[in-house]
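>>> Coordinates only, no sequence provided:
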């Protein structure tokens, strides 16, 4: 287990960041309703689901909804980047080198 800990941590963080990016399965599991609540038992819409829903309509380029798509996409990118950076840091911290 000590030798495999870095790989296990990396796999868990990669799975979380991949689940955030997978639009359809997360949207189906979360209910895809455009409301935000702290109750995990109620359905809500994911960030990728919002991008897909808002992007399929005809939005004027200068509208607030149009710029919101890019803001949500940038936030999603930053969250995935942070999770991957955390994963790399944890893997380097717990890595055991055998000679």
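Yep, that arrived. What you see is a predicted model, and the numbers here were worked out from it, not measured in a lab.
>>> Now the element after the helix or strand of the chain with the lowest mean pLDDT, going C-ward?
None of the helices or strands of the chain scores lower by mean pLDDT, DSSP states H and E than helix 23-30, at a mean of 64. Downstream of helix 23-30, the next assigned helix or strand under DSSP states H and E is helix 47-55.
>>> The residue lying closest to residue 68 once chain neighbours are set aside: how many residues sit nearby?
Spatial nearest neighbour of residue 68, excluding adjacent residues (C-beta to C-beta, 6 or more residues apart in numbering): residue 54 at 7.0 Å. The way it works is simple: take the backbone N, C-alpha and C, and place the C-beta from them, glycine included. Using other C-beta atoms under 10 Å, residue 54 has 15 neighbouring residues.
>>> swap in the one 3 residues further on?
Using other C-beta under 10 Å, residue 57 has 8 other residues around it.
>>> tell me the SS of it?
coil (DSSP: H, G, I helix; E, B strand; the rest coil).
>>> Distance check, it against residue 35.
19 Å (C-beta to C-beta, to the nearest Å).
>>> Test for you: state the pLDDT assigned to residue 5.
Per-residue pLDDT puts residue 5 at 79.
>>> Just to check, it is in contact with residue 93?
No - counting by C-beta atoms under 8 Å, residue 5 stays clear of residue 93, with 9.9 Å between them.
>>> Of the two, which one has the most company?
Neighbours of residue 5 and residue 93, each counted by other C-beta under 10 Å, are more numerous for residue 5; the result is 15 against 10.
>>> How much space separates that one from residue 74?
33 Å.
>>> What residues does the residue nearest to residue 68 make contact with?
65, 68-69 (C-beta atoms under 8 Å, 6 or more residues apart in numbering).
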